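Enquirer: Pasting the sequence and the predicted coordinates here, then a few questions.
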Amino acid sequence: MKKIFKKLFSKSRIDLIQKYLSVKNPVILEIGIHKGDFSEQLLQKLNPKKLILVDPWIAYSDLIYQKSWYGNTQHSNQNIQDQYFLDVNKRFEKDILENKIQLCRKTSDDFFLENKSIFDLIYIDGNHLFEFVKKDIENSIKFINNDGLIVLDDYGLKGWWLDGITKAVKYYEKEKTIKIISRHNIFNYHHQCIIKKI
Ligand SMILES: C[S@@+](CC[C@H](N)C(=O)[O-])C[C@H]1O[C@@H](n2cnc3c(N)ncnc32)[C@H](O)[C@@H]1O
């Protein structure tokens, strides 16, 4: 059944964002970059004035990260993370030179501590555990334009990272500091959640 709904009602995450983002040449922050595949889509489809990419590219040894893309295992280790960072630098070399893209090799928490920019779009796709997503939303609310979009990846994926993303959104919904603009459901199959600050 899930497969049928997925086939019938799948939407690409970039198309979904484009539908709700009204600003032309937005200032964008992406949290969690990995190899930069989604950054490329943000760059090509949204033509941002500025795109800031934040990722520590660290291989974490804690057990909970063992199956993640950034654990310290046989699939990922610090050398591999270092290589991802170099590859992303190479991939966006031209835009980095033109100051259109800025790479920040740090955690989102550390990034926000020094950040002075205000964004039209913040895409949250870093550490998916509840406490981290909660902090990313809290910080995003401080640095998003009044009408800007905060988008979370992997929303509504049952059991994924102990439901960290879904729980963090619920937390702020209850606090009434955010409103939901669009969220994943079986007829809108994208596992994204788009929110605005209230
Ligand atoms: C799912 S991947 C990102 C994928 C990317 N957004 C895409 O769609 O192509 C998650 C990334 O989050 C990064 N990450 C882990 N902890 C982080 C943190 N505290 N702050 C920012 N990024 C973090 C990891 O290094 C990893 O590259």
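Expert: Ah, there it is.
Enquirer: Would it be right to say that Leu121 lies in a strand?
Expert: Yes: according to DSSP: H, G, I helix; E, B strand; the rest coil, Leu121 belongs to a strand.
Enquirer: What about it, how many residues nearby?
Expert: For Leu121, the neighbour count with other C-beta atoms under 10 Å is 24. C-beta here means a position set from N, CA and C on the backbone, and glycine is covered the same way.
Enquirer: Over to the one 4 residues further on?
Expert: Residue neighbour count, defined by other C-beta under 10 Å, stands at 21 for Asp125.
Enquirer: again, but for Phe143
Expert: Phe143 is flanked by 17 other residues according to other C-beta under 10 Å.
Enquirer: Lys158 now?
Expert: 6.
Enquirer: Could you look up the SS state of it?
Expert: Under three-state DSSP, the three-state class of Lys158 is coil.
Enquirer: heads up, I number from 37, so please use that
Expert: In the new count, where the first residue is 37, that last one comes out as Lys194.
Enquirer: From Lys206, how far off is it?
Expert: Using C-beta to C-beta, to the nearest Å, Lys194 is found at 14 Å from Lys206.
Enquirer: show me the contacts for Val87.
Expert: Just to correct that, residue 87 is Leu rather than Val. The neighbourhood of Leu87, defined by C-beta atoms under 8 Å, 6 or more residues apart in numbering, consists of Ile64, Glu66, Ser75, Leu78, Leu79, Asp131, Lys136, Ile137, Gln138.
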